[in-house]
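**Q** A predicted structure for the sequence below; I have some questions about it.
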Amino acid sequence: MTTPAPAARDLRALPKGHLHLHMEAAMRPATLTRLSQKLGIEVTPTTGFAGFTQFSATYRSLLASLDHPDHLGILTDEIFADQAAQGVAYLELAVSPQFYAERYGTVEAALNELIALARAASAAHGVAFGLMPTIDRMRDLDEAMVIARAAAARAGDGVVSLGLANEERGYPAGDFAEPFALAKAAGLQSTPHAGELVGPESIRDALGALQADRILHGVRSAEDPALVAELADRGIPLDVCPTSNLLLEVVDDMAAHPLVGLLDAGVRCSINADDPILFGPDILDEYELCRRELGMTDEQLAACAWTSIETTLADDETKARARSAIDAWLA
């Protein structure tokens, strides 16, 4: 008599943090259609881009659907609802208050509104949160300083980190040392994108010039064994987005993704979705993909889930509750 294989643990029930998620691109496709139709504008196509430049332009086009006083609130509430449904216990949402400065008067006022909307959605759906105001590395230092000052003034009051995103090529992290020093002095984590479009030198720049606490992406560290060893020794986590890496041609195919190799080398990694409306999967899908296509064990997936909460500034109660539930999930 054949013994039946044990049932796979339900990944939805695994408490997880979502640390690499950009707000506008976490919109539901149906909501994009509904909000665009309400405004009488053409619905932005969210597929068919090729390469990072077209991807970035497609992302910016999503903003048109949010050009209404009520639409940010709708988006924020749905993001938290969707994360709760996928077992997310803590959401660190990347926001760009500069996109909404004209509507609210200043970057500071826009960030206050984003915090208020996130607090309401967090209370409604039971997902702890912190915001990651994000600097556009293709914009000037003056704008970066405005964002950093606004973030620093709200450290511990809805804001937990300072991000750096957009085109790496030709826009080194070191150009933004000053705003990140300001953020770090206020107690925020430094969480720049690095090691996506540019190789290990971009990660070293982020570690040195920005004193990065976590690296968003960082998978190209695999090209430099000494850097991998440094990340492991220092406990610097990578907030990894497998499908994003595939569709933006950071890796040639999913089987070649370095996530498992990085984990085997002792690098702490979290699993994330990046931009679901553009890439397809949300966080639960990414965990399932990692199990199915990368062959990750439940122990590895649970370790990534714990990394996604323990390495953040989530409050002690959120961390303790998640640790207990992760242990119970494995047991």
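**A** Looks like it arrived, so ask away.

**Q** I'd like to check which residues are in contact with residue 14.
**A** By C-beta atoms under 8 Å, 6 or more residues apart in numbering, the contact list for residue 14 reads 87, 287, 301-302, 305, 326, 329. In this view, the C-beta of every residue, glycine as well, is placed from N, C-alpha and C.

**Q** switch to 10 Å and redo it
**A** Neighbouring residues of residue 14 by C-beta atoms under 10 Å, 6 or more residues apart in numbering: 86-89, 284, 287, 298, 301-302, 304-306, 322, 325-326, 329-330.

**Q** and if you look at residue 107?
**A** By C-beta under 10 Å, 6+ apart, residue 107 lies in contact with 96-101, 133, 143, 146-147, 149-151.

**Q** With residue 278 instead?
**A** By C-beta under 10 Å, 6+ apart, the contact list for residue 278 reads 22, 24-25, 27, 44, 46-47, 49, 55, 58-59, 62, 243-244, 247-248.

**Q** Write a ChimeraX command that selects only the buried members of the contacts of residue 107.
**A** Remark: buried members of these, expressed as a ChimeraX selection using 16 or more other C-beta atoms under 10 Å:
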select :96,97,98,99,100,101,133,146,147,149,150,151
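
**Q** Pick the one among the contacts of residue 107 closest to residue 239.
**A** Ranked by distance to residue 239 (C-beta to C-beta), the contacts of residue 107 are led by residue 133 at 16.1 Å.

**Q** That closest one and residue 111 touch, don't they?
**A** Yes. Between residue 133 and residue 111 there is a contact under C-beta atoms under 10 Å: 6.2 Å.

**Q** would you list the contacts of residue 107 in CSV and tack on distance to residue 265, secondary structure and pLDDT?
**A** Below are the contacts of residue 107 laid out as CSV (distance: C-beta to C-beta, whole Å; DSSP: H, G, I helix; E, B strand; the rest coil; pLDDT from 0 to 100):
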residue, distance to residue 265, secondary structure, pLDDT
96, 33, coil, 98
97, 37, helix, 98
98, 37, helix, 98
99, 37, helix, 97
100, 41, helix, 97
101, 42, helix, 97
133, 32, strand, 98
143, 37, helix, 98
146, 39, helix, 98
147, 34, helix, 98
149, 38, helix, 98
150, 37, helix, 98
151, 32, helix, 98
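
**Q** least trustworthy helix or strand in this structure by mean pLDDT?
**A** Least confident helix or strand of the chain, by mean pLDDT, DSSP states H and E, is helix 51-61 with a mean of 90.
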